[in-house]
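Undergrad: sequence and computational prediction follow.
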Amino acid sequence: GDGNGNGNGNFAEDHQEDEELQPELVYEPSKVADYDCAEVSCCGASFRQRLAEEGDEEASTSSALHFREVYQARSVQSLRKVYSIDCEDNGGMVVFGGEKGLASVYGVHHAAETCDDHAKVKCDTPLVSCDNLLNAKLHNSWLSHVQFLSPQSQSQDQKLLLSASNDGTVCIWDIHRVADGHAKGFHVPHCVCMSGPELHAKGIFSAHFDSTGNRIASGSKDCCVGLSRG
């Protein structure tokens, strides 16, 4: 304590000392920024167009396509464990949250045809290729939630990602801008904002960003629900 009955009396001083020891990060454009272009949004549209041409009108107009059988699961090489996942609204990118505060962002491409010889063979499984765009160190403990923010919640030169962790914090990152991190092979995105110690006393198990009100709801094992503004 600080002698006045306040157990957190030295937190600000200690936190300031920690910040002084950290080298200043230099942020550069990431592969996500290069990938995040008009071509990505065209992929989802062309896929729905092919469904409409095949007579699947319901699936071509729905925002949620039905499940399709795939030949094999894809391994996320940068993560040994995956605890959370989110897909961009237009289907262009997927983010995985894993152990030790690590996250990976992949770009997803749908092939122009569903098979090598579409005229001769009817194939229900579209060919998909994935590019690893970013491996990032976001928190000090495993990630319970990752979520792409809606376009109306950010400027055109941003790609914002919400993350929540077992370390008790919620953060919003701009993954268009990254700096070299201390973890080998992992970068540090630009942190737009981070929750303080007053939000939760223990790890966060669930979170969600409400784009209509720019609010963040979080649930923790401290038996509390937090409501913050992004």
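TA: Yes, it's here.
Undergrad: so how far is residue 200 from residue 221?
TA: As judged by C-beta to C-beta, to the nearest Å, residue 221 and residue 200 stand 9 Å apart. For every residue, glycine as well, the C-beta is placed using N, CA and C.
Undergrad: those two: which is more packed in?
TA: Remark: of residue 221 and residue 200, residue 200 carries more neighbours, 24 against 13, as counted by other C-beta atoms under 10 Å.
Undergrad: ok, for that one, nearest residue in space, not its chain neighbours?
TA: Leaving aside its sequence neighbours, residue 200 sits nearest to residue 220 (C-beta to C-beta, 6 or more residues apart in numbering; 4.0 Å).
Undergrad: got it, and residue 79?
TA: Nearest residue to residue 79, sequence neighbours excluded (C-beta to C-beta, 6+ apart): residue 98, at 3.6 Å.
Undergrad: just checking, that neighbour touches residue 144?
TA: No: with contact defined as C-beta atoms under 8 Å, residue 98 does not count as touching residue 144 (10.7 Å).
Undergrad: got any residues that touch both of those two?
TA: Taking C-beta atoms under 8 Å, 6 or more residues apart in numbering as the contact criterion, the common neighbours of residue 98 and residue 144 are residue 83.
Undergrad: and residue 200, which of the three is it?
TA: Assigned with DSSP: H, G, I helix; E, B strand; the rest coil, residue 200 falls in the coil class.
Undergrad: how near is it to residue 225?
TA: Distance, residue 200 to residue 225, by C-beta to C-beta: 9 Å.
Undergrad: what residues are shared contacts of those two?
TA: Here residue 200 and residue 225 have residue 218 as joint contacts, going by C-beta under 8 Å, 6+ apart.
Undergrad: partner strands of the helix or strand harbouring residue 83, with direction?
TA: Element membership of residue 83, judged by DSSP states H and E, is strand 82-87. Sheet pairing here is set by DSSP bridges, and for strand 82-87 it gives strand 93-98 (antiparallel).
Undergrad: the helix or strand just after the strand it pairs with pairs with which strands, and in what direction?
TA: Sequence order places strand 102-110 as the next helix or strand after strand 93-98, per DSSP H and E. Using DSSP bridges, strand 102-110 pairs in its sheet with strand 93-98 (antiparallel), strand 128-137 (antiparallel).
Undergrad: okay, residue 98 and residue 144: which has more neighbours?
TA: Legend: neighbour count by other C-beta under 10 Å for residue 98 and residue 144, higher for residue 144 (23 against 20).
Undergrad: OK, contacts around residue 107?
TA: Residues near residue 107 by C-beta under 8 Å, 6+ apart: 35, 40, 92-93, 130-131, 133.
Undergrad: apply 10 Å and report the result again.
TA: Going by C-beta atoms under 10 Å, 6 or more residues apart in numbering, residue 107 touches 31-32, 34-36, 40, 43, 88, 92-94, 129-134.
Undergrad: next one: residue 147
TA: Neighbour list for residue 147: 84-87, 95, 97, 160-164, 172, 207-209, 216 [criterion: C-beta under 10 Å, 6+ apart].
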